[in-house]
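> return atomic coordinates for the entry below.
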Amino acid sequence: MARRNNSILIDMLDILSHFPWWVSCIVSAIVYIIMRYLIPYILLEYNVPADEPNIHDALNHGLYKGFASASSLLAPFIALALLIAAPISFINSRRKKQLVEKQKNLNTLYSLQWDEFEELVGDVFRRQGYFVKENSNKGQPDGGIDLVLKKDAEITLVQCKHWKARQVGVRVVRELYGVMASENADRGILITSGLFTPDAKAFAANKPIEMIDGKQLFTLIKTVQKNRTISVQKERTISDTSFHSKISCEICPKCGSEMVFRTAKKGINAGKQFWGCSKFPKCRGTKSYQT
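All right, here's what the predicted structure looks like:
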């Protein structure tokens with residue numbers, strides 16, 4: 001396999017483009033200060049030649065002086081180059097938010113490309129208060145993990161399968177469980193625009209793996225869309241060419257936060273669907289899901 005020959009600057013731009021736009025501005029300012037002031041100060045302040053320098057000391061001082069001058073001259077250019085990531089990040093952020101707002105039914109989910117599907121899922125969790133790290137190596141081996149979620153010191157690995165023509169089988173669930181063990185993740189989430197096989201559901205039943213099919217994902221999307229006014233116990237009937245479902249935007253009875261759609265994995269209620277508080281594990285409020 002051919003190795004990538006990207007420069008350090010290009011790699012940094014790629015990384016920064018996956019963070020909020022203001023991160024690029026802060027990094028650019030820090031790099032400028034370091035290169036323009038800190039590096040020259042260190043090189044010249046601590047390498048002052050002696051009163052009677054020898055040739056070696058003189059050469060070293062000249063070399064340090066050259067590095068200091070080069071660092072000072074390159075500082076504004078490197079800083080400006082890093083700022084390129086800011087508009088890229090801003091545009092990507094708006095595009096991802098628009099993906100969420102444009103979802104009207106399962107057909108709009110099916111029409112997405114696989115990378116758009118991953119971005120959509122990432123922004124859904126981001127709106128739920130998670131820090132979302134996306135897989136930046138598109139098309140590269142990633143261990144089956146597309147997103148890493150962090151919230152309240154809990155790490156969740158997410159795998160997305162944009163499959164509408166076939167069901168996600170047990171092999172995919174086993175692979176996710178293996179990666180969770182190797183990465184010491186607290187839990188895993190497997191999301192598809194289609195369905196899961198019975199074997200896949202059975203394997204995940206007693207494990208910290210949440211499985212979200214297309215219908216459940218659409219329910220989650222509707223709870224985070226900004227063009228939808230949220231009110232207590234407000235219900236809408238959503239007609240779709242593929243399904244008809246009644247969706248409630250529930251409010252936690254304990255803390256008043258918005259609730260999210262979940263599936264029980266353990267105990268006597270394993271496999272049953274319910275509403276759980278979005279502030280879990282700080283709040284453990286639940287409500288039953290009425291179909």
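> strands of this structure, start to end?
Assigned by DSSP state E, the strands in the chain fall at 131-134, 147-151, 154-161, 187-192, 209-212, 234-239, 244-249, 259-263, 273-277, 286-288.
> and the longest one, what's buried?
What that stands for is strand 154-161. Under the neighbour-count criterion of 16 or more other CB atoms under 10 Å, strand 154-161 has 155-161 buried. To be clear about C-beta, it is placed using only N, CA and C from the backbone, and glycine gets the same treatment.
> per-residue confidence averaged over that strand?
On average, the pLDDT along strand 154-161 is 94.
> and it, what other elements does it pack with?
Other helices and strands packing on strand 154-161, by 3 or more CB pairs under 8 Å, 6 or more residues apart in numbering; DSSP states H and E, are helix 114-127, strand 147-151, helix 170-183, strand 187-192.
> what's the angle between it and helix 114-127?
150 degrees (axes from the mean of the first three to the mean of the last three CA atoms, to 10 degrees).
> give me the buried positions along the longest helix seen in the chain.
Counting residues, the longest helix found in the chain (DSSP state H) is helix 55-83. Buried positions in helix 55-83, judged by neighbour count with 16+ other CB under 10 Å: 61, 64, 68, 71, 75, 78-79, 81-83.
> which one of these sits closest to Thr197?
Among the buried residues of helix 55-83, Leu82 lies closest to Thr197 (CB to CB), at 46.8 Å.
> got a pLDDT number for that closest one?
In this prediction Leu82 is given a pLDDT of 89.
> one step back: could you dump the buried residues of helix 55-83 into CSV with distance to Cys255 added?
Formatted as CSV, the buried residues of helix 55-83 follow (distance: CB to CB, whole Å):
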residue, distance to Cys255
His61, 64
Tyr64, 59
Ala68, 56
Ser71, 52
Ala75, 49
Ile78, 47
Ala79, 44
Ala81, 46
Leu82, 41
Leu83, 41
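> quick check, nearest of those to Arg36?
Ala75 (3.8 Å).
> any idea how far Ile34 is from the closest one?
8 Å (CB to CB, to the nearest Å).
> one step back: of the helices and strands packed on strand 154-161, which is nearest Cys255?
Ranking the helices and strands packed on strand 154-161 by their distance to Cys255 (criterion: CB to CB) puts strand 147-151 first, at 15.6 Å.
> which ones are touching the residue nearest to Leu217 when sequence neighbours are not counted?
Leaving aside its sequence neighbours, Leu217 sits nearest to Ile191 (CB to CB, 6 or more residues apart in numbering; 5.9 Å). Contact analysis of Ile191 by CB atoms under 8 Å, 6 or more residues apart in numbering lists 121, 158-161, 211-212, 217.
> what's the spacing between the closest residue to Val27 other than its chain neighbours and His18?
The shortest distance from Val27 to any non-neighbouring residue, by CB to CB, 6+ apart, is to Leu82 (5.8 Å). Per CB to CB, Leu82 is found 14 Å from His18.
> what bits of the protein have low per-residue confidence?
By pLDDT under 70, the low-scoring segments of the chain are 1-6, 46-61, 136-143, 165, 227-250, 256, 267, 289-291.
> returning to that earlier point: make TSV out of the helices and strands packed on strand 154-161 and add distance to Val224.
TSV is the format used below for these (distance: least, CB to CB, whole Å):
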stretch	distance to Val224
helix 114-127	4
strand 147-151	14
helix 170-183	23
strand 187-192	14
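> so who does Glu129 touch?
Actually, residue 129 is Gly rather than Glu. 151, 278 are the contacts of Gly129 under CB under 8 Å, 6+ apart.
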